[in-house]
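>>> Sequence and predicted structure, then a few things I'm wondering about:
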Amino acid sequence: MKGRVIRSTGLWYNVLGEDQKVYTCRARGKFRLDEIKETNPIAVGDNVIFDHDQKEGHITEILPRENIIERQSVKKTGHSHVLAANVDQVMLIASLKQPRTSVGFIDRFMASAESFRIPQILVFNKTDILREKDLDLQSKLVDLYNSLGIKTISMSAIETDELSSIHELIKNKTTLVAGHSGVGKSTILNKLSDKISQSVNEISGFSQKGTHTTTFAEMFQLDEKTFIIDTPGVKEWGLMDMTEQEISDYFPEMRERRLNCKFGSRCIHITEPGCAVLEALQNNEIALSRYESYVSMVAGEDNRK
Ligand SMILES: Nc1nc2c(ncn2[C@@H]2O[C@H](COP(=O)(O)OP(=O)(O)O)[C@@H](O)[C@H]2O)c(=O)[nH]1
Ligand SMILES: [Mg+2]
Ligand SMILES: [Zn+2]
């Protein structure tokens, strides 16, 4: 039968079959770990072929992936850990206060998603606790990110019961949701569907020992074609092997302009003469906050906060 992996422990997989039932499966045979350099050969979101009897199932084949979201393995250098496969879009939940999500982190997250060619949604939560000054800043950020093609909204999960704007954005898609601990991710997910009941205010911890010490993503089905993937461990969301030259490709407002730089693809837009990105920055066509995030990424700074 065909199915989709909705949960993985590294050893066991829960597979949602075409018959809409969930099967517990193991992987049969080797999925060529060495060749593909992934620490986990089967990821949440993978479409698979499996067979099963009453007791358990076996995954025999992974169907071709549309895309993957991966990060560098914590354990093995040069290896990557696939967070999820076949993702239509990512949704970052952020908040300006309690806790503060920095624009540096937002930009780094969005650039990673760009590098996987996955569209992005940005949700500013907890608007109810903001004073005028921060509301002002937030509305500027909403405009900025919308202008970059990132669908951006602001909301308060405790003041709204109807999350209609989020429902609209996720309908018939597979959406990977991420956010720092405390921003209200579980609160929002719980309100999106009564099939989801994440504990609010949870303290996430590493549960497993040994070579598979990772936190795994989990997928929820909201209706036949709507899936949400919840990812713990957003702090480890890292940049995969991005070269200095590449980074500006993942900033849409720079990507368009960099072709006009005098030094062409060798320009990293810091001090070079005839740089089209610096010129746009001077003309306020590129936001300073975005440029600063870019510079910090080129400098290899670890913007995980
Ligand atoms: N003031 C306010 N608090 C919120 C909002 N959304 C969630 N919270 C609270 O923030 C805390 C953390 O929420 P939780 O959903 O566990 O965050 P998570 O760590 O991102 O999953 C809880 O006490 C929630 O009740 C909101 O929109 N406004
Ligand atoms: Mg949570
Ligand atoms: Zn340049």
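Perfect, I can see it now. Only a predicted model underlies this, so the values are computations on that prediction, with no experimental measurement involved. Ligands and ions are numbered 1, 2, ... in the order given.
>>> What is the burial count for the residue of the stretch 1-150 of the chain found nearest ligand 1?
Closest contact between the stretch 1-150 of the chain and ligand 1, by Cβ to the nearest ligand atom, is at Lys126 (4.0 Å). No exception for glycine: its C-beta is placed from N, CA and C like everyone else's. Lys126 has 24 neighbouring residues, counting by other Cβ atoms under 10 Å.
>>> residue contacts, it?
Contacts here follow Cβ atoms under 8 Å, 6 or more residues apart in numbering; on that basis Lys126 touches 95-98, 156-157, 183-184.
>>> for it, phi and psi?
phi 70, psi 30 (degrees, to the nearest 10).
>>> Find me the pLDDT at it, would you?
We have a pLDDT of 97 for Lys126.
>>> What of Thr211?
Looking at Thr211, the pLDDT reads 32.
>>> What parts of the chain come near ligand 3?
261, 267, 269, 275, 277 (Cβ under 5 Å from the ion).
>>> ok, Val87 to ligand 2 distance?
To ligand 2, Val87 is 19 Å away according to Cβ to the ion, to the nearest Å.
>>> Then Pro252?
Pro252 is 30 Å from ligand 2, by Cβ to the ion.
>>> can you check Thr271 too?
43 Å.
>>> all helices of the stretch 51-200 of the chain, in order?
Along the stretch 51-200 of the chain, counting by DSSP state H, counting those that start in this stretch, helices occupy 103-115, 132-147, 164-170, 185-192.
>>> about what we covered before: between the residues of the chain next to ligand 3, which is closest to Val142?
Val277 (23.7 Å; Cβ to Cβ).
>>> Report the secondary structure element holding that closest one.
Assigned by DSSP states H and E, Val277 belongs to helix 276-282.
>>> Let me know the average pLDDT across that helix.
The pLDDT scores in helix 276-282 average 98.
>>> so who does the closest residue to ligand 2 within the stretch 101-250 of the chain touch?
The stretch 101-250 of the chain approaches ligand 2 most closely through Ser186 (3.3 Å), counting by Cβ to the ion. Contact analysis of Ser186 by Cβ under 8 Å, 6+ apart lists 198-202.
>>> Rank the residues you listed by pLDDT and give me only the lowest.
Scanning the contacts of Ser186 for pLDDT, the smallest score is found at Glu202, 53.
>>> Can you give me the distance of the most centrally placed residue in the chain to Arg117?
Closest to where the C-alpha atoms of the chain average out (Cα atoms, centre = their mean) is Val90, at 4.7 Å. Separation of Val90 from Arg117 (Cβ to Cβ, to the nearest Å) stands at 11 Å.
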